[in-house]
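Engineer: I would like the atomic coordinates for the input below:
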Amino acid sequence: MSKIALMLGGNLAGTAKAMAEALGKLAASGVRDLHRSEVMVSKAVDCVPDTPDFLDMAVTGSWEGTPEELLKVCQQLEREAGRPEKHSSRESRILDCDIILFDDLILDSPDLTIPHPRAEKRLFVLEPLAQIAPEMVFPGGLSVAETLQKLKTGLFPATQSC
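Structural biologist: Residues are numbered from 1 along each chain as shown. Modelled structure (predicted):
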């Protein structure tokens, strides 16, 4: 079983319900030992004008399959919640399901990058993830808690985006 970290989020009416349903569907799809953070609200930055605030939640668990199989589960959850298969990262959405960490795997394929390429520079990822898995380690050796601390003290430049 691989230790995984995911982010669920969205910013349209129904996002909170879609996130709750996604938790059940993740469990039904084979994610074990699910833990979730509090839902946090974050401002939309680098999005189309007048984009509403986002709701974000970190989820950790154990997964027996491959990263690609987990990606298919995440994409299916997004589609079932009403997100089009082809979508812009700068637009509002009811549900986003991103793989942040998959054990200590580093993967860079056309369809999937692990760890998530901007996770270490996003407060809306690190803050909820630190609630439930501060000890998880990014490839390279820093834990989620250490990465969050460096980001908050300005040692890493923070980025926010859709």
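
Engineer: distance check, the nearest residue to residue 64 once chain neighbours are set aside against residue 33.
Structural biologist: Once flanking residues are discounted, residue 64 sits nearest to residue 1: 5.4 Å by Cβ to Cβ, 6 or more residues apart in numbering. For every residue, glycine as well, the C-beta is placed using N, CA and C. Residue 1 sits 8 Å away from residue 33, going by Cβ to Cβ, to the nearest Å.

Engineer: next one: residue 135
Structural biologist: With the distance defined as Cβ to Cβ, residue 135 ends up 15 Å from residue 33.

Engineer: neighbour count: the two, which is higher?
Structural biologist: Neighbour count, other Cβ atoms under 10 Å: between residue 135 and residue 33, residue 33 has more, with 12 against 9.

Engineer: that one falls within a strand, correct?
Structural biologist: Yes: when DSSP: H, G, I helix; E, B strand; the rest coil is applied, residue 33 is found to be in a strand.

Engineer: contacting residues for it?
Structural biologist: 60-62 (Cβ atoms under 8 Å, 6 or more residues apart in numbering).

Engineer: if any of those residues are buried, put those into a ChimeraX selection.
Structural biologist: In ChimeraX, this line selects whichever of those come out buried by 16 or more other Cβ atoms under 10 Å:
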select :60,61
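
Engineer: looking at the contacts of residue 33, spot the one nearest residue 153.
Structural biologist: Of all the contacts of residue 33, the one with the least separation from residue 153 (Cβ to Cβ) is residue 60, at 24.7 Å.

Engineer: re the thing from before, need the residues touching each of residue 1 and residue 33.
Structural biologist: With Cβ under 8 Å, 6+ apart as the test, residue 1 and residue 33 both reach residue 62.
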